[in-house]
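Trainee: coords please:
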Amino acid sequence: MAEPTASGYPAALDTSATLGADFVNAKTFALNADINSSVTSVVATATISGFSANNWILIDSEIMWVDSISSATFTVVRARGGTTAAAHTAGAIIYTPPVAQWANLVRDAIIKTQTELGTDPAGSVTDVKTRLAVALENDGNLKTVAVSKGGTGATSLTDGGVLLGSGTSAVTAMAVLSDGEMIVGDGTTDPVAESGATLRTSIGVGSISTQAADAVNIDGGAIDGVTIGTNSAVTDLRVDNLKADGNTISVTNSNGDLTLTPNGTGSIIVNGPLQVDGTTTTVNSTTLTVDDPLIMVGGDSAPGSDDNKDRGVAFRWHNGSAAKIGFFGYDDSASKLTFIPDASISSEVTSGSAGNVIFGNIEGTITTAAQNSITSASSLATVGTVGTGVWQGTRVAAAYGGTNIDTSSSTGVARVDSGTWSVGDASLTADVSGTLPVANGGTNATSLADKAVLITQDSGTDTVAAVAMDASGELLIGGTSGPAVGTLTAGSGMTITNGDGSISLAADTCGSCATAGFSVAMAIAL
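Mentor: Just a heads-up that it's a prediction; the model follows:
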């Protein structure tokens, strides 16, 4: 095919014929190896010369754009000009530039242009020229297309600007929006860009006092059921995750509650330490569990002085007649752990009578005088000295120093037989051993002489002695050395006759008495 020459417009455009692959000044190369439909490196059989990048090449029916050339390698973008990426085999011709394909694309463009201009693509060229004169300047450049012709009516638009229409007048572009700006319309005039307090007022957000760069950022999703305005509050704001850049979530209405309500049986989970400040903390749940084995009350730091306040747990209960407040804890004034079933509490100080408690094993010392009566104890491992009072516990076994018997109605002497205690009449032969000292009402003697009388010795607690009086006429005669047994000695003019249990005294004829002028006749029987 000879090189075509320009000779003015043809009488008509051939809308059916297509140009072949033969064209003037086409430079070709050959594909060095098979390629698939996705590679971007196309290697020729020889070093590429006489052709530069930023141009098209054609292999089979696929047009490719050449980004760069290095030695024999084209770096390409596949499937350009409406073609489809395909695999190609080694030896395929690489056409540069694909003039035939360009010519066909130009033909299709002219056909579409004529159709849009309302002319017959196969009709008169004069008609086409007339139509094109409406859109083309004398130098062939396109004229500005008016809005009424489907254009913008503008020759330049702000990069990144939002376009605003105005009837058939040219489209105008707003300035690029700054951070936090939004386009707000009033239904009458052109929309404007607003931010900060002006924007909040226009869209009825109300009071959002501070935000980063005065911006409300909504990255995606939808906000449903929200009423926002200067005279109404948000009644239902739903978000997947809520993040507060500040440190405070609060309510503005006077004495208003802040309620967190999980969905269904869900829980409110606090990840991290929880600090609750204020004067009152109320927990209305029916079950409370705490993992910490130690619950600290009385403050989160060591006190610097005695505040005279009690520590513990106060609880509400009902005794069937009236509501009560009980207390179990440390009584600061008494320095003791205390239980008060009917307590009065004023300024964290409790008062009231101590209540009854049930324990298992108790270790320690019972020191309170008011609690000196143990009414029941199943087992006392160790008992100290009972100083006063009456033992009212169970019988103390002999193994623990007791008798294990009830002597409340017994009479007699307690005795032990092989470790068993009993009460009854004492047997002096069976129950008494040794000697009973004088100090304890005994004689301290183990035997006494027959037909004797008992006498004490020098000391009041010495062993009682027994002096035999087994001869006729013997008498117990006192003396400085103590009592002694003796007999009477007859004197002058006396006759003594000792009998078994008797003594007879008789006066003899008194010669001397006669000399004195009298006489005595006497007989004494003892």
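Trainee: next, the buried residues of stretch 351-361.
Mentor: Going by neighbour count (16 or more other C-beta atoms under 10 Å), the buried part of stretch 351-361 is G352. For every residue, glycine as well, the C-beta is placed using N, CA and C.
Trainee: which other residues reach that stretch?
Mentor: 326-327, 338-345 (C-beta atoms under 8 Å, 6 or more residues apart in numbering).
Trainee: ditto for stretch 456-475
Mentor: Taking C-beta under 8 Å, 6+ apart as the rule, stretch 456-475 contacts 437-439, 443-445, 448-455, 476, 482-488, 496, 498-503.
Trainee: doesn't I503 fall inside a strand?
Mentor: Yes - counting by DSSP: H, G, I helix; E, B strand; the rest coil, I503 is found in a strand.
Trainee: right, and it touches T489 too?
Mentor: No - with contact defined as C-beta atoms under 8 Å, I503 does not reach T489; the gap is 11.6 Å.
Trainee: please enumerate the shared neighbours of these two.
Mentor: Counting by C-beta under 8 Å, 6+ apart, the contacts common to I503 and T489 are I496.
Trainee: looking at those two, which one has more neighbours?
Mentor: Set side by side, I503 and T489 show more neighbours around I503, with 17 against 7, by other C-beta atoms under 10 Å.
Trainee: which stretches of the stretch 51-200 of the chain form strands?
Mentor: Here the stretch 51-200 of the chain has its strands, by DSSP state E, counting those that start in this stretch, at 55-59, 62-70, 73-80, 93-96, 163-166, 169-173, 182-184, 192-194.
Trainee: so which of those strands comes closest to L294?
Mentor: strand 182-184 (54.5 Å; C-beta to C-beta).
Trainee: mind listing what's buried in that closest one?
Mentor: Of all the residues in strand 182-184, not one is buried under the rule 16+ other C-beta under 10 Å.
Trainee: same check, this time on stretch 310-327
Mentor: Going by neighbour count (16+ other C-beta under 10 Å), the buried part of stretch 310-327 is 310, 312, 325-327.
Trainee: could you do stretch 454-474 as well?
Mentor: By 16+ other C-beta under 10 Å, the buried positions in stretch 454-474 come out as 463, 465-467, 469, 473-474.
Trainee: mind checking the end-to-end distance for it?
Mentor: For stretch 454-474, the first-to-last residue distance is 15 Å (C-alpha to C-alpha, to the nearest Å).
Trainee: please apply the same query to stretch 290-305.
Mentor: Per C-alpha to C-alpha, the first residue of stretch 290-305 is 29 Å away from its last.
Trainee: which residues sit against that stretch?
Mentor: 309, 311-312.
Trainee: low-confidence stretches in the stretch 201-350 of the chain?
Mentor: Within the stretch 201-350 of the chain, the segments meeting pLDDT under 70 span 204-238.
Trainee: picking up where we left off before, dump the contacts of stretch 290-305 into JSON lines; add distance to T201 and secondary structure as well.
Mentor: Formatted as JSON lines, those follow (distance: C-beta to C-beta, whole Å; DSSP: H, G, I helix; E, B strand; the rest coil):
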{"residue": "K309", "distance to T201": "53", "secondary structure": "coil"}
{"residue": "R311", "distance to T201": "55", "secondary structure": "strand"}
{"residue": "G312", "distance to T201": "56", "secondary structure": "strand"}
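Trainee: for those residues, which one is nearest Q275?
Mentor: Nearest to Q275, judged by C-beta to C-beta, of those is R311 at 20.3 Å.
Trainee: hmm, the closest one is touching S335, no?
Mentor: No - contact between R311 and S335 fails when scored by C-beta under 8 Å: they sit 11.6 Å apart.
Trainee: let me see the domain layout of this structure.
Mentor: Domain assignment for the chain by automatic domain parsing gives 27-96, 311-351, 471-526.
Trainee: stretch 407-415 spans what distance, first to last residue?
Mentor: First-to-last residue span, stretch 407-415, C-alpha to C-alpha: 12 Å.
Trainee: what mean pLDDT does that stretch have?
Mentor: Across stretch 407-415, the average pLDDT comes to 78.
Trainee: could you list the buried residues of it?
Mentor: Buried residues in stretch 407-415, counted by 16+ other C-beta under 10 Å: none are found.
Trainee: residues in contact with it?
Mentor: Contact partners of stretch 407-415, identified using C-beta under 8 Å, 6+ apart, comprise 403, 421-426, 431.
Trainee: which of the residues you listed sit farthest apart?
Mentor: Longest span within the contacts of stretch 407-415, C-beta to C-beta: T403 and D425, 17.3 Å.
Trainee: tell me which of the two has more neighbours.
Mentor: Between T403 and D425, T403 has the larger neighbour count (other C-beta under 10 Å), namely 16 against 9.
Trainee: state the pLDDT value of the more buried one.
Mentor: Listed pLDDT for T403 reads 80.
Trainee: sorry, back to before: can you redo the buried residues of stretch 310-327 as TSV with distance to I69 and secondary structure?
Mentor: Listed next are the buried residues of stretch 310-327 as TSV, based on distance: C-beta to C-beta, whole Å; three-state DSSP:
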residue	distance to I69	secondary structure
D310	93	coil
G312	90	strand
I325	95	strand
G326	95	strand
F327	94	strand
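Trainee: specify which member of those is nearest to G180.
Mentor: Taking C-beta to C-beta as the measure, G180 lies nearest G312 of the buried residues of stretch 310-327, at 55.5 Å.
Trainee: mind checking the SS state of the residue lying closest to the closest one once chain neighbours are set aside?
Mentor: Among residues not flanking G312 along the chain, G329 sits closest, at 1.2 Å (C-beta to C-beta, 6 or more residues apart in numbering). At G329 the chain is in strand, as set by three-state DSSP.
Trainee: follow-up on the earlier one: now the buried members of the contacts of stretch 351-361.
Mentor: Here, 16+ other C-beta under 10 Å leaves 326-327, 338-341, 343 buried among those.
Trainee: buried ones from the contacts of stretch 456-475, can you make that a ChimeraX selection?
Mentor: Buried residues within the contacts of stretch 456-475, by 16+ other C-beta under 10 Å, are selected in ChimeraX with:
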select :438,443,483,485,496,498,503
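Trainee: circling back to that earlier point, reformat the buried residues of stretch 454-474 as CSV; add secondary structure and pLDDT.
Mentor: Below are the buried residues of stretch 454-474 laid out as CSV (DSSP: H, G, I helix; E, B strand; the rest coil; pLDDT from 0 to 100):
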residue, secondary structure, pLDDT
T463, coil, 80
A465, strand, 78
A466, strand, 78
V467, strand, 82
M469, coil, 82
G473, coil, 79
E474, coil, 81
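Trainee: what's the most distant pair in the residues you listed?
Mentor: T463 and G473 (28.2 Å).
Trainee: now do the same end-to-end measure for stretch 145-158.
Mentor: Stretch 145-158 has an end-to-end distance of 18 Å (C-alpha to C-alpha).
Trainee: how about the strands in the stretch 351-500 of the chain?
Mentor: 413-417, 420-424, 452-455, 465-468, 475-477, 484-486, 494-499.
Trainee: which stretch among those comes nearest N32?
Mentor: Of all the strands of the stretch 351-500 of the chain, strand 420-424 sits nearest to N32, with 123.6 Å by C-beta to C-beta.
Trainee: follow-up on the earlier one: can you redo the strands of the stretch 351-500 of the chain as CSV with distance to F29?
Mentor: Below are those laid out as CSV (distance: least, C-beta to C-beta, whole Å):
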stretch, distance to F29
strand 413-417, 133
strand 420-424, 130
strand 452-455, 162
strand 465-468, 161
strand 475-477, 171
strand 484-486, 171
strand 494-499, 184
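Trainee: what's the pLDDT at V76?
Mentor: On pLDDT, V76 comes in at 94.
Trainee: grab the nearest non-local neighbour of it.
Mentor: Nearest residue to V76, sequence neighbours excluded (C-beta to C-beta, 6+ apart): M64, at 4.1 Å.
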